[in-house]
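Student: Need coordinates for the following:
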Amino acid sequence: MPVSIAAALLLWGRVRGPQPARVLARLVMILACQVTAVVMVFVMVNNANLIYGSWSDLLGTGNHVRAVPSVGDDAAGDGKSGKSPEPKVIQSFSTVDDPKVPGDVKRTDLKGRVSGVDGEVLVWTPPQYDKPEFKDKKFPVVELLPGYPGSSSTWYGTLRVSEQLKPLMESGQVAPFILVSPRTLLLGKGQDTGCADIPGKVNADTWLSRDVPQMVLDNFRADPSPDRWAVAGYSAGAHCATKLGAEHPNRYRASISLSGYNDPAQEPDSLTAKDPALREKSNPVNILRNSAHPPKVAFYLSGNKGDGYEAALALKAAAKAPTTVTPVESTGSHSSDVWKPMVPDVFKWLTTIIPANH
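Tutor: Numbers count the residues shown, from 1 in each chain. Purely as a prediction, here's the structure:
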């Protein structure tokens, strides 16, 4: 029993003093019990869904932007996911301090060399990775993006992505992907970056599309070919995944969206929506329409009516070969209870785009 409730029960009849003072004291006890109940419910919901990864995330006091350097236009790319001529940065890894996250998930704290962003990145390697017969093999990679607000732990701890995919990888139904989940909550409270580079504010796109991939290439046997990389997300992370896939075909071959949207203004805290030019630029439909050369990217977008399905159809209407769009109508609420059981089928689809052998 919470201390506030136990104290109220114990002290209720023992309050002394004038009538107004006794009434006030009991009102304070009731208020304390109500606040305790609200906090308990919030903690239970957060623990179940891993919405916030820390108290600083919850209170909006965290800031993971060390600097905001000018990064320029990297649209041309170099044909390698995140490849840079700079020396490798070898990271140290530890287990994740969260009992809901499987023990074989590794965590590192990365200082983004290009973006100026600092944040944790969680990495899981497939069951084949440490087997002797695969010691010379390079593996495909999927970046996993949470919603807003969201934690880098959610894909592993709530959607149970690695636990669901491990047996499918062992049986050959799903390709042996390295799974990478970086921090996306980079600024204080009420500031969703939309995974965009916002001048003077944050280089979220560069963090996800350059710094994180480069770290993976430097520290794991990851295949550098963009044909072997994908990005996936749910909710606001789904918008990010679609945007990154459309914007960086030189880095990603496929993009997966679960209950996403195209217009960043659908997220009330979106910073990109506050700038009309950036809002237009960050809409995946506009990216495809304005592309001089349609990107060779495969999109998988699921959602129910009123929650992502219309966005999927709009993207399909804007796509031209070799771009492909697979809209899937789902049912249910906007929650992890809907997205979690989708994981196996989504990754089976992805395996048809990025197979185990190539």
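Student: Any buried residues in the host helix or strand of Val285, and which?
Tutor: Assignment of secondary structure by DSSP states H and E places Val285 within helix 284-290. Of the residues in helix 284-290, 284-288 count as buried by neighbour count, 16 or more other C-beta atoms under 10 Å. C-beta coordinates here come from the backbone N, C-alpha and C atoms, glycine included.
Student: try stretch 131-144
Tutor: 139-144.
Student: Nearest to Cys195 among the buried residues of helix 284-290?
Tutor: Pro284 (11.3 Å; C-beta to C-beta).
Student: Now do the same contact list for that closest one.
Tutor: 239, 242-243, 245-246, 262, 315 (C-beta atoms under 8 Å, 6 or more residues apart in numbering).
Student: try Leu27
Tutor: Leu27 neighbours (C-beta under 8 Å, 6+ apart): none.
Student: could you point out which element follows the helix holding Val285?
Tutor: Heading C-terminal from helix 284-290 (DSSP H and E), you reach strand 298-303.
Student: what about Lys316, neighbour count?
Tutor: Lys316: 17 surrounding residues under other C-beta atoms under 10 Å.
Student: next one: Ala277
Tutor: 8.
Student: What of Pro224?
Tutor: The number of residues packed near Pro224 is 18, by other C-beta under 10 Å.
Student: Name the residues of stretch 298-309 that come out as buried.
Tutor: 298-304, 307-309.
Student: Contact partners for the residue nearest to Val65 when sequence neighbours are not counted?
Tutor: Of all residues not flanking Val65 in the chain, Val202 sits nearest, at 5.1 Å (C-beta to C-beta, 6 or more residues apart in numbering). When contacts are counted by C-beta under 8 Å, 6+ apart, Val202 touches 65, 68, 117, 186-187, 193, 271.
Student: Of those, which pair is most distant in space?
Tutor: Maximum distance among those (C-beta to C-beta): 14.4 Å, for Val117 and Leu271.
Student: Tell me which of the two has more neighbours.
Tutor: Val117 (27 against 22).
Student: Would you agree the more buried one is in contact with Asp205?
Tutor: No. Taking contacts as C-beta atoms under 8 Å, Val117 lies outside contact range of Asp205: 10.2 Å.
Student: can you pull out the strands in the stretch 1-150 of the chain?
Tutor: For the stretch 1-150 of the chain, the strands defined by DSSP state E, counting those that start in this stretch cover 94-95, 106-111, 118-124, 141-145.
Student: Of the ones you listed, which is nearest Pro182?
Tutor: strand 118-124 (4.5 Å).
Student: Give me the packing partners of the closest one, helices and strands only.
Tutor: strand 106-111, strand 178-182, helix 212-219 (3 or more C-beta pairs under 8 Å, 6 or more residues apart in numbering; DSSP states H and E).
Student: Please parse the protein into its domains.
Tutor: Listed by automatic domain parsing, the domain ranges of the chain are 1-49, 55-353.
Student: what's around Ala292, how many residues?
Tutor: Neighbour number of Ala292 under other C-beta under 10 Å is 4.
Student: any idea how far Gly194 is from it?
Tutor: Using C-beta to C-beta, to the nearest Å, Ala292 is found at 23 Å from Gly194.
Student: Then Ala321?
Tutor: According to C-beta to C-beta, Ala321 stands 28 Å off from Gly194.
Student: Could you give the number of residues near the residue lying closest to Asp98 once chain neighbours are set aside?
Tutor: Once flanking residues are discounted, Asp98 sits nearest to Ser153: 5.5 Å by C-beta to C-beta, 6+ apart. Neighbourhood size, Ser153 [other C-beta under 10 Å]: 22.
Student: so where is this protein shaky, pLDDT-wise?
Tutor: Along the chain, segments meeting pLDDT under 70 span 1-17, 21-22, 25-26, 29, 32-62, 73-85, 358.
Student: can you give me the helices for it?
Tutor: Here the chain has its helices, by DSSP state H, at 3-11, 19-49, 55-59, 154-157, 161-170, 204-206, 212-219, 236-247, 276-281, 284-290, 309-318, 336-339, 343-353.
Student: helices or strands next to the last one in the packing?
Tutor: Spelled out, that is helix 343-353. helix 161-170, strand 229-234, strand 254-258, strand 298-303.
Student: any chance of the contacts of Val202 in CSV, with distance to Val216 too?
Tutor: Compiled in CSV, these are given as follows (distance: C-beta to C-beta, whole Å):
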residue, distance to Val216
Val65, 21
Val68, 23
Val117, 15
Leu186, 19
Leu187, 24
Thr193, 21
Leu271, 26
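Student: between those, which is nearest Glu163?
Tutor: Glu163 has its nearest neighbour among these in Leu186, at 27.7 Å by C-beta to C-beta.
Student: measure that closest one to Glu120 for me?
Tutor: 11 Å.
Student: Those two: which is more packed in?
Tutor: Taking neighbours as other C-beta under 10 Å, Leu186 and Glu120 compare with Leu186 leading, 24 against 18.
Student: Tell me who's in contact with that one.
Tutor: Taking C-beta under 8 Å, 6+ apart as the contact definition, Leu186 lies against 63-65, 117, 119, 193, 202, 204, 207.
Student: Fine by me, we can end here.
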